[in-house]
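S.K.: make a model of this:
(2 chains)
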Protein chains: 2
Amino acid sequence: MSIRSPAAFVTASAPGKVILVGEHAINRGQPALSVSIGLYARCRVAPLKTHQFRLHSGKERATVGHEDLTALRQWVERQRAAEAYSEIQALAARDYFAPAKYILALMLEHGLPTGLSIAWASEIPTSSGLGSGGAAFTALVAAAGALLPEPPRLEQCAAWAHCGDIIAHGGIASALDTQTSLLGGVLRVTSHGLAQHVPAAPGLALIVGNTGVIAATSAVNGRVRRWLSEAPDSRMAYFQTIGTLARLALPLLEAGAWQPLGHLLNLNQLILEKIGVSCPEIDQLIAAALGAGACGAKLSGSGGGGIIIALVLPEQRQDVAAAIAAAGGSALMPAINVPGVTIQKQPSSLRRINQ
Amino acid sequence: MSIRSPAAFVTASAPGKVILVGEHAINRGQPALSVSIGLYARCRVAPLKTHQFRLHSGKERATVGHEDLTALRQWVERQRAAEAYSEIQALAARDYFAPAKYILALMLEHGLPTGLSIAWASEIPTSSGLGSGGAAFTALVAAAGALLPEPPRLEQCAAWAHCGDIIAHGGIASALDTQTSLLGGVLRVTSHGLAQHVPAAPGLALIVGNTGVIAATSAVNGRVRRWLSEAPDSRMAYFQTIGTLARLALPLLEAGAWQPLGHLLNLNQLILEKIGVSCPEIDQLIAAALGAGACGAKLSGSGGGGIIIALVLPEQRQDVAAAIAAAGGSALMPAINVPGVTIQKQPSSLRRINQ
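M.R.: Next up is the predicted model:
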């Protein structure tokens, strides 16, 4: 494949996400509701004259050839077909760039140039439930997608970005993070197809409280699978109940009925506690948020640590943020319901100026 | 006051109740939804020629004069005014008939004859959350009320019967049990005024599973008060969330959306677990019911033991009942949504035949 001329680079900026309702249940056939947040992962992709991929993210660097990517893709697809999730977890643990490499390998099939410099920068806290990985993969797909011979369809971008999360999360991942990052807004996400935007009244406001506790999504997901497998007949009801919460939330979200919507968040949290994915630090931040008057609060993401979200009225924002901080968390007040990934193409002349 | 002639007796039959949504929250300003069940307490009241009240219920018997009743009423009212709940609990513990005596004392003010034979019989399991006490007091009020010079208004009957539960439960009780027994049907009950009938689609079906664990309502209520007092700012949110569940349940009940309504029962149960009023035996029966396909399940009543209710589709009834029995509970399949208290007056001639 040829390096395109004139040389140019593309930067994509993809938002993180929080989950209003539905983590863990979305992997079991239930709908979930997600919201994009105004914290971004950025990916810059620039053509290289050499046939190699140079990857750079923070302290991590790697250089790899397209044959290596293809070999990795074939290996991953064998493991996925065999449901060898421990193999995929091990890959993700030993190779920071494995998810990106898998995505690049898939995009090579669609004419991606074989020499690219790819660099990420992110303001999204990692391993906290904010979808930092999904945003990074979405930004990669959007930026690299702009260098394909034909612009990829949205569904194709969603599928590629999702493949990044599949590797990062150890073989199984919902498409919630990547689709929210891709599409932005408030979304109803299911396990099939593209998420749908859902109407939300103006004024939806969330405080994010970060426990600072790191818990690997793949490990927490494994715990949930074991919990369910111990008594699947009775325990599946709790995931189905989360699905009912997601459905009941829709009219409240549209009407701006923040107090009852907050109560649905409380209820979702109680199910997550039942499932066993909360932790004392989450419980403390939730108690702090509720004690400060939040309409409702829950963990967001896979749990075991990471963040909580508190649904607040505008006048409660400062009090709830202060209470979260006093309880040992880091409070963030990001913009929410922001647009999905955006790309910016730079001509080669600008590239020289900026570099 | 004169004994009325011709002598007659009155029998009243009052149903028990289960709580679809809202125990403990109703004491904190939230609405609750209750349903009458086709298990009955019966009270037969017959005039006596002597000025005494002869009380008889199972192995319990007592004879008391109207002056004693008045003295008890005055003492109770002093304790209630002083919020001396431990005194009222002690009274209820030492005098089985204290609630009935208090009711009779109140009715004496409205012209109740001063000589009555009063006998109860009940098919409602006691201390299990089925409202056996409330039904007994409601039956008393209805039967004795028929002997008053003027028929008491419904609100007056509700207030008298409620006073029985106030004594029985140690000084504080919701009017849910007695109003459900009085009015029957499916009710939205609040802490003020008479409960309102709410529309319910045909086909609402519940299985009752009795753990056989006896827990005094007054003791469980005390635990809940302490739990709330430890962190009232954050924990009151859980009672408010129960209120939201009650409101969300109404359209589902009317539409016959049994599966999501069942999920609301699951959610109510999770809050009750959070509050600390579930117990391992309840948890087991709930898991059994859900495992057998029930739409949802929760404890009903004050908890700490007693019963669960499982919302079922008709085709699930037998499976769910069998699963509850296999898990160590007693399964009941009572009629539900039955009419409230009914009275039957017997002329003196019939009385002789029946006695």
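S.K.: which strand runs longest in chain A?
M.R.: If you go by DSSP state E, chain A has its longest strand at strand A:32-47.
S.K.: who does it touch, helix- and strand-wise?
M.R.: Judged by 3 or more Cβ pairs under 8 Å, 6 or more residues apart in numbering or on different chains; DSSP states H and E, strand A:32-47 is in contact with strand A:9-21, strand A:116-122, helix A:132-145, helix A:176-183, strand A:186-189, strand A:206-210, helix A:232-255. For the C-beta atoms, the positions are set from N, CA and C on the backbone; glycine is no exception.
S.K.: quick one: mean pLDDT for the helix or strand immediately after that strand in the chain?
M.R.: From strand A:32-47 onward toward the C-terminus, using DSSP states H and E, the following helix or strand is strand A:53-57. Mean pLDDT, computed over strand A:53-57, is 98.
S.K.: in stretch A:258-269, which residues are buried?
M.R.: A:258, A:260-269 (16 or more other Cβ atoms under 10 Å in any protein chain shown).
S.K.: tell me which of these fall in helices.
M.R.: A:258, A:260-269 (DSSP state H).
S.K.: can you list the residues of chain A near chain B?
M.R.: Within chain A, the positions adjacent to chain B are A:231, A:233-235, A:237-238, A:240-241, A:244-245, A:247-248, A:259-260, A:263-264, A:266-267, A:270-271, A:273-274, A:286-288, A:290-293, A:296 by Cβ under 8 Å from any Cβ of the partner chain.
S.K.: list buried residues within those residues.
M.R.: A:234-235, A:237-238, A:240-241, A:244-245, A:248, A:260, A:263-264, A:266-267, A:270-271, A:273-274, A:286-288, A:290-293, A:296.
S.K.: which single residue of the stretch 51-200 of chain A ends up nearest chain B?
M.R.: Across the stretch 51-200 of chain A, the shortest distance to chain B (Cβ to the nearest Cβ) belongs to A:Arg188, at 16.2 Å.
S.K.: mind pulling the model confidence for that residue?
M.R.: 98.
S.K.: what's near enough to touch it?
M.R.: A:31-33, A:195-198, A:246, A:250 (Cβ atoms under 8 Å, 6 or more residues apart in numbering or on different chains).
S.K.: repeat the analysis, applying 7 Å as the threshold.
M.R.: When contacts are counted by Cβ atoms under 7 Å, 6 or more residues apart in numbering or on different chains, A:Arg188 is found next to A:31, A:33, A:195-196, A:198.
S.K.: A:Asp177 contacts A:Ala136, doesn't it?
M.R.: No - applying Cβ atoms under 7 Å, one finds A:Asp177 not in contact with A:Ala136, separated by 10.1 Å.
S.K.: coming back round to it: just give me the closest of the buried residues of stretch A:258-269 to B:Gly305.
M.R.: Nearest to B:Gly305 among the buried residues of stretch A:258-269 is A:Leu267, at 24.4 Å by Cβ to Cβ.
S.K.: give me every residue that touches A:Cys163.
M.R.: A:102-103, A:106.
S.K.: again, only using 6 Å
M.R.: A:102-103 (Cβ atoms under 6 Å, 6 or more residues apart in numbering or on different chains).
S.K.: what's the answer for A:Ala100, then?
M.R.: By Cβ under 6 Å, 6+ apart, the contact set of A:Ala100 is A:Leu140.
S.K.: repeat that with 8 Å
M.R.: Taking Cβ under 8 Å, 6+ apart as the contact definition, A:Ala100 lies against A:55, A:118, A:136-137, A:140, A:164.
S.K.: ok, A:Pro149 next?
M.R.: By Cβ under 8 Å, 6+ apart, the contact list for A:Pro149 reads A:110-111.
S.K.: element containing A:Ile343?
M.R.: strand A:342-346.
S.K.: quick one, that strand and strand A:32-47 angle?
M.R.: 10 degrees (axes from the mean of the first three to the mean of the last three Cα atoms, to 10 degrees).
S.K.: contacts for strand A:342-346 next, please.
M.R.: A:8-13, A:142-143, A:146, A:354.
S.K.: out of those residues, which are buried?
M.R.: Buried among the contacts of strand A:342-346 (16+ other Cβ under 10 Å): A:8-13, A:142-143, A:146.
S.K.: where's the dip in pLDDT among those residues?
M.R.: Minimum pLDDT across the buried ones among the contacts of strand A:342-346 falls on A:Ala8, with 79.
S.K.: so that residue touches A:Val45, yeah?
M.R.: No - using Cβ atoms under 8 Å as the test, A:Ala8 is too far from A:Val45 to be in contact (9.7 Å).
S.K.: count of residues packed around A:Leu108?
M.R.: Neighbour count for A:Leu108, taken as other Cβ atoms under 10 Å in any protein chain shown: 19.
S.K.: ok, the residue lying closest to A:Gln284 once chain neighbours are set aside - how many residues close by?
M.R.: Distances taken as Cβ to Cβ, 6 or more residues apart in numbering or on different chains put A:Ala327 closest to A:Gln284, at 5.0 Å, once the chain neighbours are dropped. Residues lying near A:Ala327 (other Cβ under 10 Å) number 20.
S.K.: A:His51 too?
M.R.: 14.
S.K.: show me the contacts for the closest residue to A:His169 other than its chain neighbours.
M.R.: Excluding its sequence neighbours, the residue lying closest to A:His169 (Cβ to Cβ, 6+ apart) is A:Thr217, at 4.7 Å. Contacts for A:Thr217 (Cβ under 8 Å, 6+ apart) come out as A:127, A:168-170, A:173, A:301-302.
S.K.: what does A:Ala121 give?
M.R.: Residues near A:Ala121 by Cβ under 8 Å, 6+ apart: A:41-42, A:57.
S.K.: next one: A:Leu106
M.R.: Each residue near A:Leu106 by Cβ under 8 Å, 6+ apart is listed here: A:73, A:160, A:163.
S.K.: kindly recompute the last result at 10 Å.
M.R.: The contact partners of A:Leu106, by Cβ atoms under 10 Å, 6 or more residues apart in numbering or on different chains, come to A:69-70, A:73, A:76-77, A:112, A:141, A:156, A:159-160, A:163-164.
S.K.: between those residues, which has the most around it?
M.R.: In the contacts of A:Leu106, the most neighbours by other Cβ under 10 Å go to A:Val141, 33 neighbours.
S.K.: got JSON lines for the contacts of A:Thr217, with secondary structure and pLDDT too?
M.R.: What follows is the contacts of A:Thr217, written out as JSON lines (DSSP: H, G, I helix; E, B strand; the rest coil; pLDDT from 0 to 100):
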{"residue": "A:Ser127", "secondary structure": "coil", "pLDDT": "88"}
{"residue": "A:Ala168", "secondary structure": "helix", "pLDDT": "94"}
{"residue": "A:His169", "secondary structure": "coil", "pLDDT": "90"}
{"residue": "A:Gly170", "secondary structure": "coil", "pLDDT": "89"}
{"residue": "A:Ala173", "secondary structure": "coil", "pLDDT": "90"}
{"residue": "A:Gly301", "secondary structure": "coil", "pLDDT": "95"}
{"residue": "A:Ser302", "secondary structure": "coil", "pLDDT": "93"}
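S.K.: of all those, which comes closest to A:Arg317?
M.R.: When the contacts of A:Thr217 are ranked by distance to A:Arg317 (Cβ to Cβ), A:Gly301 comes first, at 21.3 Å.
S.K.: can you count the residues close to that closest one?
M.R.: Using other Cβ under 10 Å, A:Gly301 has 26 neighbouring residues.
S.K.: ok, the helix or strand containing A:Ala297: who's next to it in the sheet?
M.R.: Per DSSP H and E: A:Ala297 is located in strand A:296-300. Sheet pairing here is set by DSSP bridges, and for strand A:296-300 it gives strand A:307-311 (antiparallel).
S.K.: could you list the domains of chain A?
M.R.: By the record's domain assignment, chain A is partitioned as A:9-197+A:338-354, A:206-332 (automatic domain parsing).
S.K.: do you know which of those lies nearest B:Gly22?
M.R.: domain A:206-332 (13.4 Å).
S.K.: so how far is that closest one from its chain's centroid?
M.R.: How far domain A:206-332 lies from its chain's middle: 16 Å, per Cα atoms, centre = their mean, to the nearest Å.
S.K.: having no further points to raise, I will conclude here.
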